[in-house]
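Q: Generate coordinates for the sequence data below:
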Amino acid sequence: MPGASDHPFPEASSAPAAVPSSPGEVLALLRTGAAATRADIARLTGLARSTVSQRVDALIAHGFLTEEADGGSTGGRPPRRLRLRTREHAVAGVDLGASHCRVALMDIGGETLALREDPLSIADGPRAVLGHVERTLHTLLKEAGHSPDALQSIGVGVPGPVEFSTGRPVDPPIMPGWHQYPIPEFFAERFGARALVDNDVNVMALAEQRRAFPDTRYLLYIKVGTGIGCGIVADGRLHRGAQGSAGDIGHIRVGDLEDPCRCGNSGCLEAIAGGAALARRLAGLGLDATSGSDVVRLVKSGNRDAVRMVREAGRSVGEVLAGLVNFFNPDTVVVGGALAAVHDQLLAGVREAVYRRSHPLATHVLRIEPSRTGENAAAVGAGILAVEHALSPRQVDRVLAGAPR
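A: Predicted structure coming up:
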């Protein structure tokens, strides 16, 4: 097998157990940087050296680790450092949007090996869309020089509610034909790998926290596009709620407005401040606007009506966000999605409302920032979800025991 990658390990989703004993827990110590040598592992765990050797040798034999002499020795026998072996193991991050499909092939160190984006309508249904993803994955694996057996796990972000425990969409409003569709089973049958399916805004939040704000433990990611949603990171972990619907802020009522919403109610935040709603209002003024991207185009061209509406939309988002800030007390709020492309206007409205209506203690260290991961946030976040599953102690122990991926 090729040599190990030199790039740093990604941040783990949770700390290893207090007294690690299994090979998977030993790998977690190495992955988080708590240990780098066999001696470190013995010191941290209290395990006998013979037991440490058994654990490490098993991880090396299964291709998770490599052991190399440390070039920093100044005399005597050089210490041997353990490193995550990344290149032989791949994961995939799949971003299914309303009208696009992005697939990122990554190694288990989190480095992107290949990325492809195609126009694709989610309304074409699961067989057509997932068939396209399957073909794309085979193409990217071939480009990266991997066989399908190298694929350890797959993360999938979809633009609708998901029951995370089963990976099945639940009544997604813009995904006809997807209700309760068994997405994980589709990939398991074709690649023999576990697929984890989540709402797209959750994986965007994960990408932002892991890649752009790694020191932030409490983060809200607000996606403002055709729809509006919120991903929640609490103490460094995604918070999905009891059934996976946490963060569905797009259908919180705003003020006394009665604009009809696609959910069947009226006055929802999405119906007031979403990209599609703004496009309809601009079209009513005789402007060429059918989508959020058209709104962005008009703002960038300096259209006063578009600029005014985006700032007002920011205030409406900020009104809802102020309540979330008081309740959740995040230290970072990230605003992404299609309308974040004109974040100067959008964030001005958001900040105005949040700082006016939130408690001073809740905003004392609060920062409200535009997304730093950009248009690839969902694909990268889904890939990170897959990496963290593939390297979780339980999954590593399953692989070493000969269980299916």
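Q: got a list of what G250 touches?
A: Contacts for G250 were tallied using C-beta atoms under 8 Å, 6 or more residues apart in numbering; they are 227-229, 268-270, 274. Quick note: C-beta positions are derived from backbone N, CA and C, even for glycine.
Q: mind showing which ranges of the chain have poor pLDDT?
A: Scanning the chain for pLDDT under 70 picks out the ranges 1-20, 71-78.
Q: so what does the longest helix that it contains touch, helix or strand wise?
A: Criterion DSSP state H: the longest helix present in the chain is helix 304-328. Applying 3 or more C-beta pairs under 8 Å, 6 or more residues apart in numbering; DSSP states H and E, we find helix 304-328 packed against strand 219-224, strand 228-234, helix 269-273, helix 275-284, helix 292-300, strand 332-336, helix 343-357.
Q: Partner strands of the very next helix or strand once past the second one and their direction?
A: Moving toward the C-terminus from strand 228-234, the first helix or strand encountered (DSSP states H and E) is strand 237-238. Each strand that strand 237-238 pairs with, and the sense of that pairing, follows from DSSP bridges: strand 228-234 (antiparallel).
Q: in the partner strand, what's buried?
A: The neighbour-count check on strand 228-234 (16 or more other C-beta atoms under 10 Å) flags 228-233 as buried.
Q: Same question for stretch 249-259.
A: By 16+ other C-beta under 10 Å, the buried positions in stretch 249-259 come out as 249-254, 259.
Q: Now do the contacts for V365.
A: V365 makes contact with D331, according to C-beta under 8 Å, 6+ apart.
Q: which SS state does it fall under?
A: The three-state assignment at V365 reads coil, by DSSP: H, G, I helix; E, B strand; the rest coil.
Q: Q180 now?
A: Assignment for Q180 (three-state DSSP): coil.
Q: measure the residue nearest to it when sequence neighbours are not counted to Y221 for me?
A: Spatial nearest neighbour of Q180, excluding adjacent residues (C-beta to C-beta, 6 or more residues apart in numbering): R168 at 4.9 Å. To Y221, R168 is 23 Å away according to C-beta to C-beta, to the nearest Å.
Q: Neighbour count: the two, which is higher?
A: More crowded of R168 and Y221, by other C-beta atoms under 10 Å: Y221, with 31 against 19.
Q: Within the helices and strands, which one has the nearest residue to that one once chain neighbours are set aside?
A: In space, and not counting its chain neighbours, Y221 is closest to A205: 3.6 Å by C-beta to C-beta, 6+ apart. Using DSSP H and E, A205 falls within helix 200-207.
Q: got the angle between that helix and strand 219-224?
A: Taking axes from the mean of the first three to the mean of the last three C-alpha atoms, to 10 degrees, helix 200-207 and strand 219-224 form an angle of 140 degrees between their directions.
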